[in-house]
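Visitor: I'll drop the sequence and a predicted model, then ask my questions.
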Amino acid sequence: MRARDTDRNDTCQILDSALAEGQLSMEEHRHRVALATKAGTLGELQDLITDLQPTSAPVTPRPRRTFGMSGKGQLLVAAAVSGVLAIVIVVGVVIANSSDPDPGKPSVAAPPAPAGPAAPKKPADPGAAPDGVEPTVLSLPKQLHTLGGMTGLLDQMRARFGDTTGIELAIFPDRAMLFRPDPNDDQSKLLYTFDNGWGDPTSRPRDDEDNPTDLGAFDVEAVVEALRAAPEMVGVQPSDVSEIVVDIDEVPGPDGAPALELLVQVSSKSGADGYIYLDSAGNTKRVEYPG
């Protein structure tokens, strides 16, 4: 069975817990997280945690559900059966009460009811006719630090703005913040927040170094893999991590030409933060350790 991004994320969390409990070394943890990020099936993910003591629910294929066999389905079936039995009982009682108590007495047919005026026909509902319009189903990304979530976020930028151009993009695990130039004011920039969709913007003053660039021009898969390994790279225990965010903007490159830079910040519960600087290909440029 094919694995989803949520399955890979669950497996990485189990590996993080195993590292924090001393079941895995830093090198084993790094190697298994890298394999989990690229795993294609649930079997591959299971092989990475099968030798670990359980710290949370293992990643296993979900059984196919048969209609009516789930907990709620059983209640619905039971309710339906009870309803049918109740109808049968009521019908039986009505038939018994309506039968002639004296079999020897000839029955007299009831006179036919006088025919009344025909009921007026209701006008046809014009909304009931098929109109050929297909429904639009929105599928918004939830976990933005996964391959599917980050790709989906960039797709949502293109759907809303027509491109992935902006001044700065900060991607949190469950939300994102985007600065774009104000088309009506060169001295202002607009701040958009993505939280189950892009909200209305608020205006902020624009700085001299706020240069628009293509914020989506980076290797998403490589950056997601770097996010997985970020706590280990800066020396923060997974159990001490409070939040991880990647901030994307344009900076001067080694030759002075503008280049895209991705800054990964690992915040710890103890208050010390670590930083990893990546280029657009996901390569590590520099690491700043906590303290």
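Guide: That came through, no problem.
Visitor: phi first, then psi, for Y192.
Guide: phi -110, psi 140 (degrees, to the nearest 10).
Visitor: so what's it up against?
Guide: Shown in contact with Y192 (Cβ atoms under 8 Å, 6 or more residues apart in numbering): 177-180, 198-199, 201. Every residue, glycine included, has its C-beta placed from N, CA and C.
Visitor: please name the bridge partners of it.
Guide: L178 (DSSP bridges).
Visitor: ok, it to L169 distance?
Guide: 10 Å (Cβ to Cβ, to the nearest Å).
Visitor: mind saving the C-alpha coords of stretch 239-254 as PDB?
Guide: The C-alpha coordinates for stretch 239-254 follow below in PDB (Å, rounded to 0.1, in the frame of the first residue of the first chain):
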ATOM      1  CA  SER A 239      11.800  16.400  22.800                       C
ATOM      2  CA  ASP A 240      13.000  19.900  23.400                       C
ATOM      3  CA  VAL A 241      11.900  21.300  20.000                       C
ATOM      4  CA  SER A 242       9.000  23.900  20.400                       C
ATOM      5  CA  GLU A 243       8.800  25.000  16.700                       C
ATOM      6  CA  ILE A 244      10.600  24.900  13.400                       C
ATOM      7  CA  VAL A 245      10.100  27.500  10.700                       C
ATOM      8  CA  VAL A 246      11.800  28.100   7.400                       C
ATOM      9  CA  ASP A 247      12.100  31.800   6.100                       C
ATOM     10  CA  ILE A 248      12.700  32.400   2.400                       C
ATOM     11  CA  ASP A 249      13.900  35.600   0.900                       C
ATOM     12  CA  GLU A 250      16.500  37.100  -1.400                       C
ATOM     13  CA  VAL A 251      20.100  38.000  -0.200                       C
ATOM     14  CA  PRO A 252      23.300  38.900  -2.000                       C
ATOM     15  CA  GLY A 253      25.200  35.900  -3.200                       C
ATOM     16  CA  PRO A 254      28.900  35.200  -3.000                       C
END
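Visitor: identify the residues contacting that stretch?
Guide: Here stretch 239-254 makes contact (Cβ under 8 Å, 6+ apart) with 16-17, 20, 145, 167-173, 211, 213, 215, 218, 223, 227, 230-231, 258-270.
Visitor: going through those residues, which ones are buried?
Guide: The neighbour-count test (16 or more other Cβ atoms under 10 Å) marks 16-17, 20, 145, 167-171, 173, 213, 215, 218, 223, 227, 230-231, 260-268 as buried among the contacts of stretch 239-254.
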